[in-house]
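1. I'll drop the sequence and a predicted model, then ask my questions.
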Number of protein chains: 2
Amino acid sequence: LLTIVADNLQITHSVVAKAVQERDPEPIQALVKACEAAGAEAIDINSGPLYRDPEAGMSFLVQSVQTVTDLPLMIDTANPRAMKAGLAACRQPAIINGISLEPAKLEHILPLARAYGTEVIGYLLTAEGHVPPDADQRLAAAVALHAKCKQAGIEETRLIIDPIVAPLSWQDGKRHCRELIDVIRQLPDLLGFPVKTVVGLSNLTTGRGDPEKRLWMQRVYLAMLAASGLSMVLFNVLCPGTVRTVRACRQLLDEKPFSWEMV
Amino acid sequence: LLTIVADNLQITHSVVAKAVQERDPEPIQALVKACEAAGAEAIDINSGPLYRDPEAGMSFLVQSVQTVTDLPLMIDTANPRAMKAGLAACRQPAIINGISLEPAKLEHILPLARAYGTEVIGYLLTAEGHVPPDADQRLAAAVALHAKCKQAGIEETRLIIDPIVAPLSWQDGKRHCRELIDVIRQLPDLLGFPVKTVVGLSNLTTGRGDPEKRLWMQRVYLAMLAASGLSMVLFNVLCPGTVRTVRACRQLLDEKPFSWEMV
């Protein structure tokens, strides 16, 4: 329930970009240690496309990270060469982040989930890579992704669905966000097994907005998705209030006895 | 969606008790003004049983409050004489808080909803006044209450259901709290009309617990209930974070365009 995945390790952060460019593991390792101390239960390694020497760049990232942590790693890149190198370098359980119905993803990324025996995140996007216009088409994308995984010889229990949080700033962002609450609740029944789900929470508040208010929106939405059965969530784990929100959600929703110590 | 009801005006607060005893409206009026400024959209007047001179006590409370606000008032007492006096004194829309399947409530309080044309809150309790053991028996209590209202000649749209939040500190408190999320979602379909629902949020964290953690639990739970369609919520409106949680929930769930200003 609500596994905490750090989205802090992103190539778009200048500290990370510089460390990768200079092949300096220390800033990356300091960040990963801080994330684990803050409550991370998995680390997303978002390397970007790594146009120059993708294999070496991703291998460096994975090796840097796993020197300081045993947490599961999400290998987060659209570049199949970088993905393959990351999976090959990974000692601990790896998760491919991710595939979709886009032909390039199905052809070049999905087979790696079988080859490396990993879990794989499937985004609910159209074959053109767009956010589906409504809940029905999101659910249709889930059914199609499920079929593609089976065809590729991947056990269905290794599929993790990311229904894609739409930004509230979109003209119909609120409708998308409301529909997602129901989509997450419906997926296990629709696919016929307790499929895991994941969202990237920061998407909700992409664009302008007071930083403090963005966090309030994210936390409230997280609680709503948690009540629908969300399995994993990516966010900036260096925000203590969001980690505490996850803990409070678990205290309400999991099967363990209630404990103030765990809030 | 999520009407904010102040639960601050309670006879158990010494300031209120003293003001009632001394028939001094000023402390009550200062409290009500602060609640309205903080975001209250209705005021619950919890007078307790008012054993001595219940009519005069409740009339004093209602008159004191409506001198400084036009907000709807919930008249919150188990004493039928106090209830009647409160309704008679009330200029603005009144809500009876409340009835249940307990025979005394059905006999002495419910008829006042018809006589005064008010809305009435129905608690999902057994005829013995206990919290039902599970969700099915909560839903059965809702069906029975709905029937009792109809028999008493009260339009069904004037019934507001309070499914009763159980304290997390109860041995099976977490299970009760989880079940409530589904009960609130199911009630409109079960009763066949968009029945309003209300909860008293502070019940969740009755007993011990760090004050800051209690508020986190309340806010996370509020977001979950909001996603299930909760109509109204009673809480201490002088907690700005909980008011902001309501605003964030509305920004996600209502039909208006998204606005950072409203968070």
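-> That came through fine.
2. A:Val198 against A:Val233, yeah?
-> Yes: contact criterion C-beta atoms under 8 Å: A:Val198 and A:Val233 qualify, at 6.8 Å. In this view, the C-beta of every residue, glycine as well, is placed from N, C-alpha and C.
3. any residues in contact with both of the two?
-> Common neighbours of A:Val198 and A:Val233, counting by C-beta atoms under 8 Å, 6 or more residues apart in numbering or on different chains, are A:Val5.
4. quick one: contacts for the closest residue to A:Thr245 other than its chain neighbours?
-> Spatially, and ignoring its direct neighbours in sequence, A:Thr245 is nearest to A:Arg219 (4.4 Å; C-beta to C-beta, 6 or more residues apart in numbering or on different chains). A:Arg219 makes contacts with A:241-242, A:245, B:219-220, B:223, B:248, as judged by C-beta under 8 Å, 6+ apart.
5. A:Arg219: which element?
-> helix A:211-227 (DSSP states H and E).
6. for that helix, what is the average pLDDT?
-> Across helix A:211-227, the average pLDDT comes to 96.
7. Report the mean per-residue pLDDT for stretch A:28-43.
-> On average, stretch A:28-43 scores 98.
8. Sorry, slip of the keys, the one I care about is stretch A:53-61.
-> 96.
9. ok, A:Cys239 to A:Asp136 distance?
-> To A:Asp136, A:Cys239 is 34 Å away according to C-beta to C-beta, to the nearest Å.
10. Going by how many neighbours each has, rank those two and give me the top one.
-> Legend: neighbour count by other C-beta atoms under 10 Å in any protein chain shown for A:Cys239 and A:Asp136, higher for A:Cys239 (16 against 11).
11. need the contact list for the nearest residue to the more buried one once chain neighbours are set aside.
-> Excluding the flanking residues, the one nearest A:Cys239 by C-beta to C-beta, 6+ apart is A:Leu215, at 6.3 Å. Contacts of A:Leu215 were listed using C-beta under 8 Å, 6+ apart, and they are A:239, A:241-242.
12. Pick the one among the contacts of A:Arg219 closest to B:Leu187.
-> B:Ala223 (18.6 Å; C-beta to C-beta).
13. how deep is that closest one tucked in, by neighbour count?
-> For B:Ala223, using other C-beta under 10 Å, the count is 29.
14. Against B:Asp134, how distant is the closest residue to chain B within the stretch 1-150 of chain A?
-> Closest approach between the stretch 1-150 of chain A and chain B, counting by C-beta to the nearest C-beta: A:Leu2, at 11.1 Å. Applying C-beta to C-beta, the value for A:Leu2 to B:Asp134 is 25 Å.
15. In terms of neighbours, single out the busier of those two.
-> Counted by other C-beta under 10 Å, A:Leu2 and B:Asp134 do not tie: A:Leu2 has more neighbours, with 21 against 13.
16. In space, what's closest to that one - neighbours in sequence excluded?
-> A:Val246 (5.1 Å).
17. In three-state terms, label that neighbour for me.
-> helix (DSSP: H, G, I helix; E, B strand; the rest coil).
18. give me the number of residues near it?
-> A:Val246: 23 neighbours (other C-beta under 10 Å).
19. And A:Ile28, by the same measure?
-> 22.
20. And the helix or strand it falls within, what does it pack against?
-> In the assignment (DSSP H and E), A:Ile28 maps to helix A:25-38. Applying 3 or more C-beta pairs under 8 Å, 6 or more residues apart in numbering or on different chains; DSSP states H and E, one finds that helix A:25-38 makes contact with strand A:3-6, helix A:14-21, strand A:42-46, helix A:54-68.
21. Just the C-alpha atoms of it, please, in PDB.
-> Output of helix A:25-38 as PDB, limited to C-alpha atoms (Å, rounded to 0.1, in the frame of the first residue of the first chain):
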ATOM      1  CA  PRO A  25      29.000   9.800  -7.900                       C
ATOM      2  CA  GLU A  26      29.200  11.800  -4.700                       C
ATOM      3  CA  PRO A  27      26.300  14.300  -5.200                       C
ATOM      4  CA  ILE A  28      24.100  11.500  -6.500                       C
ATOM      5  CA  GLN A  29      24.900   9.300  -3.500                       C
ATOM      6  CA  ALA A  30      24.300  12.100  -1.000                       C
ATOM      7  CA  LEU A  31      20.900  12.700  -2.600                       C
ATOM      8  CA  VAL A  32      20.000   9.000  -2.500                       C
ATOM      9  CA  LYS A  33      21.000   8.700   1.200                       C
ATOM     10  CA  ALA A  34      18.900  11.700   2.000                       C
ATOM     11  CA  CYS A  35      16.000  10.200   0.200                       C
ATOM     12  CA  GLU A  36      16.300   6.900   2.000                       C
ATOM     13  CA  ALA A  37      16.600   8.700   5.400                       C
ATOM     14  CA  ALA A  38      13.500  10.700   4.500                       C
END
